[in-house]
Each structure stands twice: as C-alpha cells, then as structure tokens.
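Asks: Below: sequence and its predicted model.
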Amino acid sequence: MTLIQFLIVATALFSFGLYGVITRKNAVLVLASVELMLAAVNINLVAFDVYLDDPLNSGQIFTLFTIALAAAEVGIGIAIILMIYRNRQSADVDDLDLMKG
Amino acid sequence: MLPLATFAQQLILATEETTGGHSGIEPGITSGALVEWAWLIVVVPLVATFLILFFGKKLPMKGWELAVGSIGFVGVYGTILFILNATEGILYEGHLEVAKMGDFIIEWGWMVDGLSIMMYFLVGVVGTLVFVYAKSYMDGDIRFTWFFVSFSLFAGGMLVLVSAPNFLQLIVGWELVGVSSYLLIGHYWEDFENVDAGNKAFMVNKVADAALFIGAIIMAVSVGSFSFNDIIDVVMHGEAGPLSQFGFWAGLAVFIGAMGKSAQFPLHVWLPDAMAGPTPVSALMHAATMVTAGVYLLGRLFPFYLDVGGMFGGDVRNIIIVIGGLTLFLMGLVAIVQDDIKKVLAYSTVSQLGYMVAAMGAGAYTAGLFHLFTHAFFKALLFLGAGSLIHAVHSNDMSDMGGLRKKMPATFWTFILGTLALVAVFPFAGFFSKDEILASIKYAGGSGQDVANSILILGLLGSFITAFYMVRVIALTFFGEYKGAAHPHESPKLMTYPLIVLAFFAVTAGWVNIPGVYTGFTEWVATRVPLVGMGDHHAEGFDWPVVLVSSGLVLVGVVIAWMIYNKDAETNAARDWFRIPVLWPLLENKYFIDDLYMSGVVRPVMGPIASTVLWFDMNVVDGIVNGAGAAGKVLSKGVLVIDDNVVDGVFNASGAVTGASGSVLRRSFTGRVQQYAAFGFVGVIVIVVLFVII
C-alpha cells in the first residue's frame, strides 16, 4: 500500500463530490456531495500523516476536528434547507436565484 | 519644605547673634496634618462661593448660612493656627504643581507662617463678625444671595493672596480681590454713581496692578523663579546679580502696586468712593481684606526692602516712607471736613494705612504689621458702628444724625471704644501700635534715614488730626440734638453682638506687644522674616518723648474738637471761624486730586480715545467686516460655478461610470449557486496551476 493509492481514492472522491455539488438539483444531494469532498480531504490528511510519520499525529487529530465540524455543518445545512423547503415548497437550488443581479 | 525651615532657622540664629535675640522663635511646628490641611482655609470660601451662586437661592437663609459657615471655618482654623503659632511657632509651605513648562514650574501653594497666619486670623475673625452683621444689614436686599457670592469671593480672594508662596498666585488673589471689590462697590448699580465708583476703584487698581506685574516680572526673571523664598534667598545672600542691577526699579514697581491696593497718595482716590458699597463691604475692605494687601506685600518682601547690604530695594524705602508720611497727614486733614460719616472713616483708613506704609518705609516690619493687626479690629468696629447708625437714620450724612447716644447705647459705647483705640489713647489697641510706629520712625531717623525725621513730625501731627476728626464724628452723631427725619432705634442683636466682640478686640489687641512688658507679637510674625540690622527697632521700654508728645497732641485734638463741635452747637461761631479760607475749600475738594485726574487723565485720555476708537470702529473695523463680506459674496459666486460644474461633474461622472459598469457586470450574477461554485473551483485550479508553474 503506497501513498499514491490513497491519493487516487481521495482524488476520485473529491471529483465525485465536486461533480455532485455543481450538477445536482436537489439541495440535500448538494450537501451530501460536500460531505464527499470533506471525506476526500480527510483521507488525504490521514494518508500524509502516516506517510510523514508525524510524531504528534497532527494529521489524524486535525481529521477528528474536520469530522466534528462536518457534523455541525450538516446539522446547520439540513436545517437551512428544511426552512427553505417550508417557505418555498421546493429544495431545488436552481429556484434559489434571489441574488440574481 | 525642609530647606526653607533650616534656612529660616539659620537666619534666625544668625540674627540673634547680631541683634541679641528678639528676632523670632524657632518654629516648633513644621509639618503635620494641621498645616498640611491648611489649604482648606483658601479652598472652603471659594467652594462656598460657587455653591451659593448655584444653590444659594434654594436654601432657607438664601445662601447666608454657607457664606458664614465657610468664613467661620476660616476663623476657627485661623484662631487655632494663631494660638499654636503664638505658643510653639509654625513654619510650613505646601506646594502643588499646576503646570510644568521645561524647567519652569507653576505652583499652587499655601504658606503657613507668622505673617500668613496673622492674616488668616484677621480675615477669618473679622470676616465672620462682618458676615454675621451683614445678614441683618442686608436683610431684604433684592440681591441678597448675589451679595454673599461676591462677599465670599472677596474673602476667598484675599486668602488666596495671603497664602501665596509665589508672585503668580499672589497676583491671582490680587485680581480676585480687585474684581470682587468691583462687584461689591457697585452692588447698588441702579445708581449710576455707584457704578462709577466701582469703575474708579477697578481702574485705579489696574494702573497700580500694571506696575505690580512689571515689578513681579523683573524680580522673577532676574531671580529665575516666582517664589518669594527664592527672591528673599538671593537678597539674603547679598550676591550681586541681575536682581541687584534692577533692584531699585523692581522694588519701586512692586511698591506702586502696593500703593494702589493700600490706597496710598496719590492713588488713594478710589477708596473714599468705594463707600458706595454696602457698609459691611466697607468694614471688611478697610479692616482685614483688600487695603491690607499692599502692606502685606511689603511685609512679605520685607528683606528685599530692608536690604541690609544696600544692593536691592533699600533706596525705595525712602520713597515708601515719604509716600506713607504724606498719605497719613494729607488724608487725615481731608477727613476733618467730610460730612458723610463713612467718608470720614474712609479717609481715616487711608491715613492709618499711611502710618503702616511709613513704618514699612522706616524698616519697621513689626510696627507696620502690628498696626495693621490692631487697626483691622477697631476700624471694622467703627465701620460696623457707622453702618448701625446709617441703618437707623437711613442717611450717611452726619447732619441727619446727632443725639443718638441715648437711642442707640450699644452702638454708642462700642463706637466710643473704637474711637479711643483709633486715636491712640492708653491703654487701647491703637496706642501701642501707633506708638511703636512713631518710635520706629524716630529710630530710623536717628540711624541714618534722614527723611524719617520729617516724617516723624507728620506722624505726630497725624495723632492730633486723628483725634480731631474722630471727636468731631462723635460730637456730631451722638451728642447734640437729633436732626434727622427717620425714627432711630437700636439695631438688632445680630448687628450689635459683632460690635461688642470687635470692641473687646479693639481694647485688648494692643496688649500683645507692649514694649518692655510683653512683646509676643514680634515673635509671632517674625518666624518667617528674620529682622536684620537697622529698622526693626524693639525698644526695651517706651520711647517716652514720643509717647508724651503724641498723647499730648491727642489730648489737645480731643479738647479743641470737643469745644468746636459740641459746646458750640447752637451758635456755630467757632465752626465758622474754623472755615479758614483757601485751606478749607482745598480740603473739601480733596486737594482737587480727583478733578485733576478727571480733567488731566480721564477726559484727555477718554475723549480722544473714545473718538479714535469710534472712528476706527466705523471706518477700519466696519470696512474690514464689510470688505470681508463683499469678498465672501464674490468668492462664493465663483465657488458656486466651480461647484456646479467641476465638483458636481466629477461626482456625476463617477456615478455614471459605476452605474454602467454595474449594468454590465450584473449579467454575471445569475443567482445560481452551483455556477458560483464552479467559478470558484475554476479560480482555485487557476491559482494552483500558477503555483505549480511558478
């Protein structure tokens, strides 16, 4: 198992996530795609932590923070989407064009 | 503080060797809460002034309780200090740095030494009695509260003055006294005469103040400090330097300043007119505050004028003694012909101030201050007595009085005691102080100050004159037939009790300095200024020739005045005989000095100045103002054009550009979040690529 295999998996995950964020119409799926991207970053962090043999294991600790933050983010994100759906009877991101110039 | 104490002690020891004691006791109290908190003496009346000003009218006694409380506090504190100074000796100087400019420090301080303590005591005690009296005297006045605002400021200003350890603070107090006296003299400003009197007092004092500033600046610049200590230090060391170079002129300028406040000939003209104010004001002004300031200043700078080495202000002393002698004699004569009872007393004050100044000129520090001390009590008593009379008959004129002996017994008896003290009858207060002055002048004449011999003759004649005019006042007011219209009755207790207390002091105040018996006063005031060399003469006993001649002249004056003004009341024959041509009109017109000032100084100065100022105002000032207005109009028109075209153009153009670019750029804002995310990601990729390439 070499570093490159982990990086390939992480890059794939990140690309799927990015694709989902840009193309999905449903806001919940966009949020799920964001989680995919975060997971890719986490894999990167852990892989580099092991690869560099960090005595403090800062990469793994940092990953724990990221997971905690991601959980909080999903909580708030889902809540926002829920409120948007209640107000507009739709969770389609294409309909959310109030900021149109 | 400490260097001063040791310095004074050294000097005292040194002088005791040369003069054989009698020059001052070593100060027992040089620190401690009592003297460190003495600044309250100055601050309390000033704080009270503001409290009365803002809250006085809401108080049950309309601010009087605050005024009398603050001055009573000064009286109590002053008495404690006075007693402790008499028993143990006090020497302290407190400092508070107000501002600092490089090496030059402006300080606020409070002196607690013999000289200052005597003044605290006088201002406090006499002030309290006068304030109590004023409650009744001013009752019903429409500006009752305002009167006590000015009155408290008056006392507070005097305390600032006498507590000053440097020239700057002294000048602050000096001007506070000046401005509050202006307010008080013009208290009844509905009469234009009173306003004039206030203006006159203010102007004459300002002339003198200008000289004081010059003198203070010369001294301060040549010594490098405004502090009295430093100035006296230079004098005591007797070193030639800038101060000795300008010593005469500095001393003369400061003395002219003192002449203004202490109403010395020819700057005395404001004091008799100052009678326009309410009587309590006159009493305080003539006794403890204001007029004593000049004598106090001469005392504060006494070593400078005494000038043992003959390098500083010694020559000024000859001028001082001559001015004092002329004042005491000439103004005493004017008092004889006045009909207004307050004017008689006013000229009497000027005359007595002449004695004090002459004593200072003769180098007799103790004698001058001693007379200041005793005079404060009996002159306050006489003025308050006169106020009681005026209150009863509603007139200042003695021709409206007469025969009041029976109707106003308390006023009569206290007035008699005050008169006995003033005309220097043994054993009343004035006897000891005036005798000491005359003996000192004689001593000065005997030890090289030739001019003093002539002044001694004037001083002795002054005894006669004093007796004459005072007996005349008594004969015209208390004896004979009542000639007025009102129904006189004794004044209320609030007015007679202060008279009785003052009468007690008028009798006893002289006993603190009896030559050959008890000379405590000398030591009380001498802790600060050691008395070196000639001048401060302390006889072991009385100077009998002087005493006998002086007392004899007093007796002659009493008898002659009594014969003319009482025995001869019906026929007026003797009185008519007494109206000597030339001399009488001369005196009645006060030597035409006021007219001289009016036609010689005021009108020539005022007329052209007024017309010049008017012309200047109409043409130059108005021209400048109108020109400025016209120029402004033209300018503003030009500015309007620029504003409309250039400035507005710039703003409109920038607005238009922003709007146009906005309408182009708004197309990129589609409101689609995913598009934004895609843009962001592309941006990140671009940045990463750039990082990799570079």
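Replies: That came through, no problem. Numbers count the residues shown, from 1 in each chain, chains lettered A, B, ... in the order given.
Asks: Show me what the helix of greatest length in chain A is packed up against.
Replies: Longest among the helix segments of chain A by residue count, using DSSP state H, is helix A:58-88. Applying 3 or more C-beta pairs under 8 Å, 6 or more residues apart in numbering or on different chains; DSSP states H and E, one finds that helix A:58-88 makes contact with helix A:27-52. Glycine gets a C-beta too; all of them are placed from N, C-alpha and C.
Asks: Tell me the gap between the helix it packs on and the middle of its chain.
Replies: Per C-alpha atoms, centre = their mean, to the nearest Å, the displacement of helix A:27-52 from the mean C-alpha position of its chain is 6 Å.
Asks: helices or strands next to that helix in the packing?
Replies: Secondary elements touching helix A:27-52 (3+ C-beta pairs under 8 Å, 6+ apart): helix A:3-23, helix A:58-88.
Asks: Now mean neighbour count too, for the ones you listed, in JSON lines please.
Replies: Formatted as JSON lines, these follow (neighbours: other C-beta atoms under 10 Å in any protein chain shown):
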{"stretch": "helix A:3-23", "mean neighbour count": "15"}
{"stretch": "helix A:58-88", "mean neighbour count": "13"}
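Asks: could you dump those helices to JSON lines with mean pLDDT?
Replies: Output for the helices and strands packed on helix A:27-52, formatted as JSON lines (pLDDT from 0 to 100):
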{"stretch": "helix A:3-23", "mean pLDDT": "92"}
{"stretch": "helix A:58-88", "mean pLDDT": "91"}
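Asks: what residue is smack in the middle of chain B?
Replies: Nearest to the geometric centre of chain B sits B:Met290, at 2.6 Å (C-alpha atoms, centre = their mean).
Asks: From chain A, how far out is it?
Replies: 83 Å (C-beta to the nearest C-beta, to the nearest Å).
Asks: shouldn't that residue be in contact with B:Ser181?
Replies: Yes - here B:Met290 reaches B:Ser181: they are 5.7 Å apart, a contact under C-beta atoms under 8 Å.
Asks: For B:Ser661, report the pLDDT, please.
Replies: In the prediction, the pLDDT value recorded for B:Ser661 is 91.
Asks: does it sit in a helix or strand, and which one?
Replies: Using DSSP states H and E, B:Ser661 maps to helix B:648-665.
Asks: Make sure B:Ile105 is indeed in a helix.
Replies: No - counting by DSSP: H, G, I helix; E, B strand; the rest coil, B:Ile105 is not found in a helix; it is strand.
Asks: what's the distance between the nearest residue to it once chain neighbours are set aside and chain A?
Replies: The shortest distance from B:Ile105 to any non-neighbouring residue, by C-beta to C-beta, 6 or more residues apart in numbering or on different chains, is to B:Glu97 (5.9 Å). Separation of B:Glu97 from chain A (C-beta to the nearest C-beta): 59 Å.
Asks: So which bits of the longest helix seen in chain B are buried?
Replies: Scanning chain B for the helix with the most residues, using DSSP H, yields helix B:192-223. Within helix B:192-223, the residues that qualify as buried are B:194-195, B:197-198, B:200-202, B:204-205, B:208-209, B:211-216, B:218-220, B:222-223, counting by 16 or more other C-beta atoms under 10 Å in any protein chain shown.
Asks: circling back to that earlier point, how far out from the middle of the chain is the helix holding B:Ser661?
Replies: Between the centre of helix B:648-665 and the centre of its chain there are 73 Å (C-alpha atoms, centre = their mean).
Asks: and the next element down the chain from that helix?
Replies: With secondary structure assigned by DSSP H and E, helix B:648-665 is succeeded by helix B:673-693.
Asks: Give me the helices and strands touching that following helix, please.
Replies: Helix B:673-693 packs on helix A:3-23, going by 3+ C-beta pairs under 8 Å, 6+ apart.
Asks: what does the helix it packs on contact?
Replies: A:29-30, A:32-41, A:43-44, A:47-48, A:51, B:674, B:677-678, B:681 (C-beta atoms under 8 Å, 6 or more residues apart in numbering or on different chains).
Asks: Give me the buried entries from those residues.
Replies: Looking at those with 16+ other C-beta under 10 Å, the buried ones turn out to be A:30, A:32-41, A:43-44, A:47, B:674, B:677.
Asks: burial measure for B:Met360, as a count.
Replies: B:Met360 has 33 neighbouring residues, counting by other C-beta atoms under 10 Å in any protein chain shown.
Asks: how far away is it from chain A?
Replies: 91 Å.
Asks: B:Gly368 is in contact with that residue, correct?
Replies: Yes - using C-beta under 8 Å, B:Met360 makes contact with B:Gly368 at a distance of 4.5 Å.
Asks: quick one, strands of the stretch 51-200 of chain B?
Replies: Assigned by DSSP state E, counting those that start in this stretch, the stretch 51-200 of chain B shows strands spanning B:92-101, B:104-112.
Asks: Any chance you could list what contacts the first one?
Replies: Counting by C-beta under 8 Å, 6+ apart, strand B:92-101 makes contact with B:1, B:4, B:29-31, B:35-36, B:38-39, B:105-113, B:165, B:229, all of which sit outside it.
Asks: ok, B:Ala678 - contacts?
Replies: Contact analysis of B:Ala678 by C-beta under 8 Å, 6+ apart lists A:Ile22.
Asks: and it, what pLDDT?
Replies: pLDDT, B:Ala678: 87.
Asks: hmm, back to that, run the chain-centre distance for the longest helix of chain A.
Replies: Here helix A:58-88 shows a centroid-to-chain-centroid distance of 9 Å under the convention C-alpha atoms, centre = their mean.
Asks: Kindly report the same for stretch B:48-63.
Replies: With C-alpha atoms, centre = their mean, you get 24 Å for stretch B:48-63.
Asks: same thing with stretch B:238-251?
Replies: 26 Å.
Asks: Compute the mean per-residue pLDDT across it, please.
Replies: On average, stretch B:238-251 scores 78.
Asks: Sticking with the nearest residue to B:Met331 once chain neighbours are set aside, tell me its helix or strand.
Replies: In space, and not counting its chain neighbours, B:Met331 is closest to B:Val350: 4.1 Å by C-beta to C-beta, 6+ apart. Secondary-structure assignment from DSSP H and E places B:Val350 in helix B:341-361.
Asks: which element follows that helix toward the C-terminus?
Replies: With elements assigned by DSSP H and E, the helix or strand that comes after helix B:341-361 is helix B:365-393.
Asks: That next one packs against which elements?
Replies: Looks like helix B:365-393 contacts helix B:114-137, helix B:279-287, helix B:291-300, helix B:341-361, helix B:409-422, helix B:429-446, helix B:493-508, helix B:520-526 (3+ C-beta pairs under 8 Å, 6+ apart).
Asks: Where among these is average confidence lowest?
Replies: Minimum mean pLDDT among the helices and strands packed on helix B:365-393: helix B:520-526, a mean of 70.
Asks: Give the buried residues for that helix.
Replies: Buried-residue list, helix B:520-526, by 16+ other C-beta under 10 Å: B:521-526.
Asks: if we can go back for a sec, ok, the buried ones among the contacts of helix A:3-23 vs B:Leu476, which is closest?
Replies: Using C-beta to C-beta, B:Ala677 is the member of the buried ones among the contacts of helix A:3-23 that lies nearest B:Leu476, at 114.0 Å.
Asks: could you pull out the helices for the stretch 501-650 of chain B?
Replies: Using DSSP state H, counting those that start in this stretch, the helices of the stretch 501-650 of chain B run over residues B:520-526, B:544-562, B:573-578, B:583-588, B:593-596, B:603-615, B:622-642, B:648-665.
Asks: residues of the second one that come out buried?
Replies: By neighbour count on 16+ other C-beta under 10 Å, the buried set for helix B:544-562 is B:546-547, B:549-551, B:553-554, B:557-558, B:560-562.
Asks: Show me which residues of the stretch 551-694 of chain B are close to chain A?
Replies: Residues of the stretch 551-694 of chain B lying near chain A by C-beta under 8 Å from any C-beta of the partner chain: B:665-674, B:677-678, B:681.
Asks: Now tabulate these in TSV and tack on distance to B:His391.
Replies: Converted to TSV, those look like this (distance: C-beta to C-beta, whole Å):
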residue	distance to B:His391
B:Leu665	93
B:Arg666	93
B:Arg667	98
B:Ser668	97
B:Phe669	94
B:Thr670	99
B:Gly671	95
B:Arg672	100
B:Val673	97
B:Gln674	102
B:Ala677	100
B:Ala678	104
B:Phe681	103
